[in-house]
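need a structure here:
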Amino acid sequence: MKPGLAAATASPRHRSGLTGGGHGRTIALTRRETGSVAASAILDQLRQIDLFDQLPDEKLAFVLSHATVQTFAAASQILSNRDRSNDVFFILSGRLQVKNYSRNGREFIFSEIGGGQLFGEFSALDGLPRSASVEAMEDSVVARMKAVDFVALLKTDFELTFRLLRLLTAKSRGLSDRLFELIALNARDRLCVELARLAADGAPDGPSVMIRPAPTHYEFAARIGSHREAVTRELNQLVARGYLRLGRKHILVLDITRFTNELLGSSRG
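Coordinates of the predicted model:
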């Protein structure tokens, strides 16, 4: 965490929890405080949000003056499915998991999101209950803005609204891809597609790619709509066939070109 932001969240003005969300440490900035060193650090991090990277300074200052910064420890729940709150959240640092649960308690992981991304915009726009739960995977810091203020900002800036539409379109495409995978692919192919998706954000080293941290076998199962035992079996087969090397909290794809050409051709055809 940046020193300025750490100082802000350690301020004596923080309070615990907010109605309609998780219970993290919170600080709300007054207009006078938006000129402080701590506020300047938060302003810099807001500029890193994908939605705001082209936003004029005066409008970014509006976001800052209407935002509440909140910290969440790892494993903290930030939002619950069907929750009636409608604030929008901007991730300043950390990593979050978007998930849902079936009636019998089975977990389904939709995505992982991190610094620079936003969530909660669906309910902010349509006023309907939350469609998923959000949980911190590691200590995380978010800026939270009321829906009425977020919508007021959108109404003043067409470029910002258009950028939000592009982000929403990307989310829709991603969900469409996952729906297709769930319907059309078997568990082995879904696992290979998920490994390729993780490798795209991994650390390349020659022909190989390091995925770190790697999901647990249980998390893989929740991502692809399978079971932990099936994931373990398929990963072991991929190791035996020379595609992967498994380590503690990491997976090494030994040759990403070979992996893609030999295992994903039929999946993407």
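
what is the end-to-end distance of stretch 73-92?
From its first residue to its last, stretch 73-92 covers 14 Å (Cα to Cα, to the nearest Å).

from the chain's centroid, how far away is it?
11 Å (Cα atoms, centre = their mean, to the nearest Å).

ditto for stretch 183-195
Remark: stretch 183-195 is offset 21 Å from the chain centroid, using Cα atoms, centre = their mean.

stretch 239-251 now?
Chain-centre distance of stretch 239-251: 25 Å, with Cα atoms, centre = their mean.

got the contact list for it?
For stretch 239-251, the external contacting residues (Cβ atoms under 8 Å, 6 or more residues apart in numbering) are 195, 198, 210-214, 235, 238, 252-255, 258-259, 262-263. Every residue, glycine included, has its C-beta placed from N, CA and C.

which ones among the residues you listed map onto strands?
Secondary structure from DSSP state E places 210-211, 252-253 of the contacts of stretch 239-251 in strands.

closest to Gly114 out of the residues you listed?
Nearest to Gly114 among the ones in strands among the contacts of stretch 239-251 is Ile211, at 15.0 Å by Cβ to Cβ.

burial measure for that closest one, as a count.
Ile211 sits with 21 neighbouring residues when counted by other Cβ atoms under 10 Å.

about what we covered before: from the contacts of stretch 239-251, which would you call buried?
Listed as buried from the contacts of stretch 239-251 are 195, 198, 210-211, 214, 235, 238, 252-254, 259, 263; burial here means 16 or more other Cβ atoms under 10 Å.

show me the shaky parts of the stretch 51-200 of the chain.
Of all residues in the stretch 51-200 of the chain, none has pLDDT under 70.

mind listing the helices for it?
With DSSP state H, counting those that start in this stretch, the ranges of helices along the stretch 51-200 of the chain come out as 57-65, 121-126, 147-156, 158-184, 187-199.

nearest to Gln77, of these?
helix 121-126 (15.9 Å).

out of the ones in strands among the contacts of stretch 239-251, the closest to Lys146 would be?
Closest to Lys146, out of all of those and judged by Cβ to Cβ, is Ile211, at 37.5 Å.

per-residue confidence for the closest one?
We have a pLDDT of 98 for Ile211.

can you pull up the bridge partners for it?
Ile251 (DSSP bridges).

list the contacts of it.
Listed by Cβ under 8 Å, 6+ apart, the contact set of Ile211 reads 195, 198-199, 202, 250-253.
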